[in-house]
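# could you work out the structure for the sequence below:
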Amino acid sequence: MHLQVSNVCKSFGHGTQAKLVLDQVSFDLHGGEFLALVGSSGSGKSTVMRLIAGLDRPSSGSITLDARPVRSPGSDRGMVFQKYSLYPWLTAAQNVAFGMELQQRPRNEIRERTAYFLEVVGLADAARSLPRELSGGMQQRIAIARALAAEPKVLLLDEPFGALDIQIRESMQEFLHQLWRQTGLTALLITHDLEEALLLAGQVHIMAPSPGRIVRSVTVDLERSDMARLRVSSDFLQLREDLAQSLRSLEPAGRR
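The predicted structure follows:
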């Protein structure tokens, strides 16, 4: 699997009213990798995600997945949003099965894969529960299971834990890391939370605003077997502060 974003620019509006929101954004994501885009509001990270999802098109540059241009949404890209986006009238199992039913997979396969991914995310006992009967963290696990069950080539994570409180957020970060290790998924995370990016991603790109562009890229090579210990380790704290300084330097003087 190879997702390639090459010299992507995006403007909104026309003529003299056009506003450049992305400027020459380029990066690669290969199978089994976990990559994060980090930036403040206005850095264009959500626009990048929309372009990769096929919900919009670049003004210039290209986005390809396995050498095929991305021009529209497709099942090869699974999306998980900040809001849980489950269908409230469907059970957990029915939500997980939804994408596979759209793909018209055989019923036996849908049933087996639904059960498997509910087990993977630790919610086999909640198969018949409606979303309103589940906590926020459980709902987000169902959303991730639904995305993975459709076998996307890449999982797109749009601030997936932003609506959760701190304790649930930390447990979900650990869950997602274990899921990545267990399934070998390929993931692209966008977040404003630098700590979250460093905990999860092997490659972190820092984005500057106005227009959005990548200004720094870091390979993260940290021992993640114990995230509670990692959060307070000297290597982690030093790297977090180094990148935090980079982010602070990008803010307008009046906001510092």
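
# so which strand or helix has the nearest residue to Gln203 once chain neighbours are set aside?
Once flanking residues are discounted, Gln203 sits nearest to Leu35: 4.7 Å by CB to CB, 6 or more residues apart in numbering. Backbone N, C-alpha and C define where each C-beta goes, glycine included. Per DSSP states H and E, Leu35 falls inside strand 34-38.

# tell me the strands beside that strand, with direction?
Applying DSSP bridges to the sheet, strand 34-38 is found paired with strand 187-191 (parallel), strand 203-208 (parallel).

# and the next helix or strand past the first one?
Beyond strand 187-191 in the direction of the C-terminus, DSSP H and E gives the next helix or strand as helix 194-200.

# quick one: contacts of that following helix?
34, 36, 38, 161, 169, 173, 176-177, 180, 187, 189, 191, 204, 220, 222, 224, 227, 230-231, 236, 239-240, 243-244, 247 (CB atoms under 8 Å, 6 or more residues apart in numbering).

# just those: which are in helices?
Mapping the contacts of helix 194-200 onto helices (DSSP state H) picks out 169, 173, 176-177, 180, 227, 230-231, 236, 239-240, 243-244, 247.

# can you tell me which of the contacts of helix 194-200 are buried?
34, 36, 38, 161, 169, 173, 176-177, 180, 187, 189, 191, 204, 220, 224, 227, 230, 236, 239-240, 243, 247 (16 or more other CB atoms under 10 Å).

# where does Ala163 land on pLDDT?
With respect to pLDDT, Ala163 has a value of 76.

# residue ranges in the stretch 1-150 of the chain under the pLDDT threshold?
84 (pLDDT under 70).

# okay, and the residue nearest to Gln94 when sequence neighbours are not counted sits in which element?
The shortest distance from Gln94 to any non-neighbouring residue, by CB to CB, 6+ apart, is to Tyr87 (7.6 Å). Here Tyr87, judged by DSSP H and E, is contained in no helix and no strand.

# how much space separates Tyr87 from Leu156?
19 Å (CB to CB, to the nearest Å).

# and Lys19, by the same measure?
Relative to Leu156, Lys19 is positioned 24 Å away (CB to CB).

# out of the two, which sits in the busier spot?
Leu156 (22 against 10; other CB atoms under 10 Å).

# how about the secondary structure of the more buried one?
Three-state call for Leu156 (DSSP: H, G, I helix; E, B strand; the rest coil): strand.

# need the contact list for the residue nearest to it when sequence neighbours are not counted.
Counting by CB to CB, 6+ apart, Leu156 lies nearest to Met79, which is 5.0 Å off, once chain neighbours are set aside. Met79 is in contact with 53, 147, 156, 158, counting by CB under 8 Å, 6+ apart.

# okay, the strands paired with strand 34-38 in CSV with mean pLDDT and distance to Asp66 next?
Shown next, in CSV, are the strands paired with strand 34-38 (pLDDT from 0 to 100; distance: least, CB to CB, whole Å):
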stretch, mean pLDDT, distance to Asp66
strand 187-191, 95, 15
strand 203-208, 96, 19
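
# give me the most central residue, the chain.
The chain has Leu157 as the residue nearest its centroid, 1.8 Å off, counting by CA atoms, centre = their mean.
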